[in-house]
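Undergrad: sequence plus the predicted model coming up.
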Amino acid sequence: QVPLVESGGGLVQAGGSLRLSCVASGRPFNDYHVGWFRQAPGKEREFVALINWSAIRATHYADSVKGRFTISRDNAKNTVYLQMDSLKPEDTAVYYCAADRTWYGNGWPPSYVDHWGQGTQVTVSS
């Protein structure tokens, strides 16, 4: 098991920024690919961003967030970040951290995720 704990969610006005953090507690996860998903009310959980575990730090983003969100990781701190800029009301959702040893790229299905965090709410007001 890889316990994942998200933080950094909150309420922000459209155009604003938030930075989410995902910490793996209890064990290092530097051999896991880590990503973010989100789920809005009444909608299915969807892929947002993914970062490779290796020094290459390859990343993938959903088209809806490309150019606005940036995923990064600090393996020394066992932490992955999601910097969200130029937020829009349609970004409102519960954001979940996810980890897996298999690299799926931006076609990562939520049903294939090995480890989930508990989620953090992001609300963007218009």
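TA: Thanks, I have the structure now.

Undergrad: low pLDDT regions in the chain?
TA: In the prediction, the chain carries no residues with pLDDT under 70.

Undergrad: tell me where it has strands.
TA: Secondary structure of the chain, counting by DSSP state E: strands at 4-7, 10-13, 18-24, 33-39, 46-51, 59-61, 69-74, 79-84, 93-100, 115-116, 120-125.

Undergrad: and the fourth one, what does it pack onto?
TA: Identification of packing neighbours for strand 33-39 by 3 or more CB pairs under 8 Å, 6 or more residues apart in numbering; DSSP states H and E yields strand 18-24, strand 46-51, strand 69-74, strand 93-100. Using the backbone N, CA and C atoms, a C-beta is placed for each residue, glycine as well.

Undergrad: repeat that for the second one.
TA: Packed against strand 10-13, as judged by 3+ CB pairs under 8 Å, 6+ apart, are the following elements: strand 120-125.

Undergrad: mind running it again at 10 Å?
TA: If you count contacts as 3 or more CB pairs under 10 Å, 6 or more residues apart in numbering; DSSP states H and E, strand 10-13 packs onto strand 18-24, strand 120-125.

Undergrad: can you say which of the helices and strands packed on strand 33-39 is nearest to V34?
TA: Closest to V34 of these is strand 93-100 (CB to CB; 5.0 Å).

Undergrad: can you list the strands that that closest one pairs with?
TA: Strand 93-100 has the following sheet partners, assigned by DSSP bridges: strand 33-39 (antiparallel), strand 115-116 (antiparallel), strand 120-125 (antiparallel).

Undergrad: can I get these in CSV including mean neighbour count and distance to N78?
TA: Output for the strands paired with strand 93-100, formatted as CSV (neighbours: other CB atoms under 10 Å; distance: least, CB to CB, whole Å):
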stretch, mean neighbour count, distance to N78
strand 33-39, 24, 10
strand 115-116, 16, 13
strand 120-125, 17, 17
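
Undergrad: want to throw these into CSV with distance to T102?
TA: Putting those into CSV (distance: least, CB to CB, whole Å) gives the following:
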stretch, distance to T102
strand 33-39, 7
strand 115-116, 12
strand 120-125, 24
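
Undergrad: that's all I had, so thanks and see you.
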